[in-house]
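Q: Everything below, folded, please.
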Amino acid sequence: MSFIALVSDSTACLHADFVKQYGIEIVPLYIKMGERTLRDGVDITPSEFYEQLPQCTPLPTTSQPSAGDFGQLYQALRDRGASGIVSVHLSAGISGTINSANLAAQQMEGFPIRIVDTQCASAAHMLAVEAGAKAVSQGKDLEEVAAAVERAIAAQHTVFTVDTLEYLYKGGRIGGAAALLGSLLQFKPLLTFTEGKIDALERVRKSSRAMARLAEVMAGWTNGEPQRAVIMQAACMERAEALAAMLPEYLNVAATQIVPLTPVIGAHVGNGTLGLCCCPSSVCGLPEYDMAAS
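A: Here you go, the predicted model:
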């Protein structure tokens, strides 16, 4: 029996139970720490990574999956009876993952593969894949599944703050946020994605104020509509929980989750990163699992 296959990469913060339930295929990115090259989320967990990161010299580097990694999976899915594939990945503005997926798809002549660029990362990516998985489970066709993914991408908003721009700068992912370099000794940056690249919103003086501004900025974007809120954190669970507690003061929250940023994302933002992604619950639905149990 034919089916629509859904593929993601490892940076999407997907819950293991959800991946298993919906049969989502994951292609891992790679992270190099010292002499070790590890598969994101396979050979190293977020908690292991963030414990080791402060002592890691030189800083970790990352690389996208190869076209061969994608090609092997796409061919295996075709051999298993897939009638098409929707492959959803982190922004081409910060990673070559989309390029590898496109190269692999070009080798699958006559086989429909839709490559979707989330133009964002992490929680936004997670919500997009979940929307696609639910569309597949409802028997939607290839274009309908891709459309569900794209609706979630278009509806989400993401804002985040980092303790230091060092990781983004050295990793070459800083984009428009470079304007903040040299002026952050006493400030914390608020960042977002603009056309798939990391961009600066503003700077605030204290970490506590930055956390409140995440909520305030999001409130200005969401206009009171019920939201599914996903808080992203890198070794700062207490601050993430504090942000979750304050969100109802600012937003019409239908559900709140806290997810760890994966090692590959963490390598580019560093410990202490805190982010907020919101998507209308009318578009993204409500979570089917407890992130705390992952």
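Q: show me where the stretch 151-294 of the chain has strands.
A: Here the stretch 151-294 of the chain has its strands, by DSSP state E, counting those that start in this stretch, at 157-161, 188-194, 197-204, 227-233, 253-260, 274-280.
Q: What is the burial count for the nearest residue to Leu142 once chain neighbours are set aside?
A: Using C-beta to C-beta, 6 or more residues apart in numbering and skipping the chain neighbours, the partner closest in space to Leu142 is Gly84 (3.9 Å). Yep, even glycine has a C-beta here, placed from its N, CA and C like the rest. Around Gly84 there are 19 other residues, counting by other C-beta atoms under 10 Å.
Q: Helix, strand, or coil at Gly84?
A: The local conformation at Gly84, judged by DSSP: H, G, I helix; E, B strand; the rest coil, is strand.
Q: ok, it to Val162 distance?
A: 38 Å (C-beta to C-beta, to the nearest Å).
Q: And Gly93, by the same measure?
A: 17 Å.
Q: Likewise for Gln107?
A: 38 Å.
Q: between these two, who's got more neighbours?
A: Val162 (25 against 14).
Q: What residues does that one make contact with?
A: 168, 188-189, 191, 269-270, 272-273 (C-beta atoms under 8 Å, 6 or more residues apart in numbering).
Q: Then Ser207?
A: 161, 163, 188, 239.
Q: cool, and Leu276?
A: Contacts of Leu276 (C-beta under 8 Å, 6+ apart): 158-160, 214-215, 218, 229-232, 243, 247.
Q: quick one: low-confidence ranges for this structure?
A: In the predicted model, the chain carries pLDDT under 70 at residues 167, 169-186, 290-294.
Q: at 80 instead, please
A: 1, 164-187, 205-208, 289-294 (pLDDT under 80).
Q: which stretches of the chain form helices?
A: 16-22, 46-52, 67-79, 97-106, 123-137, 142-155, 166-170, 207-222, 237-250, 263-269, 281-284 (DSSP state H).
Q: could you say what helices and strands the first one packs with?
A: Meaning helix 16-22. helix 123-137 (3 or more C-beta pairs under 8 Å, 6 or more residues apart in numbering; DSSP states H and E).
Q: got the angle between the helix it packs on and strand 188-194?
A: 40 degrees (axes from the mean of the first three to the mean of the last three C-alpha atoms, to 10 degrees).
Q: Which strands and helices lie in contact with helix 123-137?
A: Against helix 123-137 (3+ C-beta pairs under 8 Å, 6+ apart) you get strand 3-9, helix 16-22, strand 82-89, helix 142-155, strand 227-233, strand 274-280, helix 281-284.
Q: the inter-axis angle of it versus strand 82-89?
A: Going by the same axes, to 10 degrees, helix 123-137 makes 170 degrees with strand 82-89.
Q: Just want the angle from helix 123-137 to strand 227-233.
A: 130 degrees.
Q: Quick one: work out the angle between helix 123-137 and strand 274-280.
A: Using the same axes, to 10 degrees, helix 123-137 lies at 40 degrees relative to strand 274-280.
Q: Export only the CA atoms of helix 123-137, formatted as PDB.
A: Extracted C-alpha coordinates of helix 123-137, given in PDB (Å, rounded to 0.1, in the frame of the first residue of the first chain):
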ATOM      1  CA  ALA A 123      10.500  24.900  17.500                       C
ATOM      2  CA  ALA A 124       9.100  26.300  14.300                       C
ATOM      3  CA  HIS A 125      10.600  23.400  12.500                       C
ATOM      4  CA  MET A 126       9.000  21.000  15.000                       C
ATOM      5  CA  LEU A 127       5.500  22.500  14.600                       C
ATOM      6  CA  ALA A 128       5.800  22.400  10.800                       C
ATOM      7  CA  VAL A 129       6.700  18.700  10.900                       C
ATOM      8  CA  GLU A 130       3.900  17.900  13.300                       C
ATOM      9  CA  ALA A 131       1.400  19.600  11.100                       C
ATOM     10  CA  GLY A 132       2.600  17.500   8.200                       C
ATOM     11  CA  ALA A 133       2.500  14.300  10.200                       C
ATOM     12  CA  LYS A 134      -1.100  15.000  11.200                       C
ATOM     13  CA  ALA A 135      -2.000  15.700   7.500                       C
ATOM     14  CA  VAL A 136      -0.400  12.400   6.500                       C
ATOM     15  CA  SER A 137      -2.400  10.500   9.200                       C
END
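Q: Report the buried residues of it.
A: 123-136 (16 or more other C-beta atoms under 10 Å).
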